[in-house]
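K.L.:
Give me coordinates for this.
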Amino acid sequence: MKVKVKRALISVYNKRGVVDLAKALDGFGVEIISTGGTSKAIKEAGIKVTEAADLTGFPQILGGRVKTLHPKIHGGILAKRTKDHLEELASQGIEEIDLVVVNLYPFKETIAKTNSLEEIIENIDIGGPTMIRAAAKNFEYVASVVNPDRYQELIDSLAENEGAIPSPLRLSLAIEAFEHTAAYDALIHQYLFTLRREAGLSQLLKPYL
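P.N.:
As a prediction, the model looks like this:
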């Protein structure tokens, strides 16, 4: 089954290739939803962007900890394209999101450059993995892209399929997405486990006491 891409959500820390991808999506008539620095980069390239806060009607809060955790985003990602789900979306004023392009805060790079637990904790991404997992779970209808190296493959597929993404590619992207979030969480676990073992629980919690 091929799914026509009408709306895409793009929110990336690593912005390599993202402007070229956004230009290509815009050329296919795709509405782009974005956040923060990603939105700024795309706008500066002259591409129309809908801010996530404008979509949800709710500003980011808690210093950016909460940006995309909202039903108008996750409902759009997780909805099946079935009559009951589409009717429920319509009743709530939610539109489908067909493509999610997200990569995560640089936890690995952060722990390599600093011992500041506060800074390290702030680089544990929450909204990103949530969107990635939601899109990957719903791969029957939604594509989840976490790797900039696959942007050109995505663009080529859209060109070959009149703006749609076929199911084999969506499944392949979903597998990579779950691998990506699993590796990310494993790294966080390893870091905190090692910190507790080496420093002790009281030392670990000291900044918060």
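
K.L.:
hang on, isn't Ile165 packed against Val3?
P.N.:
Yes. Using CB atoms under 8 Å, Ile165 is in contact with Val3, at 5.6 Å. All C-beta spots, glycine's among them, are computed from the backbone N, C-alpha and C.

K.L.:
Identify the contacts common to these two.
P.N.:
Jointly contacting Ile165 and Val3 under the rule CB atoms under 8 Å, 6 or more residues apart in numbering are 98, 143.

K.L.:
next structured bit after the helix or strand harbouring Ala136?
P.N.:
Assigned by DSSP states H and E, Ala136 belongs to helix 127-137. With elements assigned by DSSP H and E, the helix or strand that comes after helix 127-137 is strand 143-145.

K.L.:
Which neighbouring elements make contact with that following strand?
P.N.:
Here strand 143-145 touches strand 99-102, helix 127-137, helix 151-160, helix 167-199, going by 3 or more CB pairs under 8 Å, 6 or more residues apart in numbering; DSSP states H and E.

K.L.:
make it 7 Å
P.N.:
Under the contact criterion of 3 or more CB pairs under 7 Å, 6 or more residues apart in numbering; DSSP states H and E, strand 143-145 touches strand 99-102, helix 127-137, helix 167-199.

K.L.:
What lies in contact with the second one?
P.N.:
Meaning helix 127-137. 9, 11, 67-69, 74, 77-78, 100, 102, 104-105, 142-144, 146, 174, 177-178, 180-181, 184 (CB atoms under 7 Å, 6 or more residues apart in numbering).
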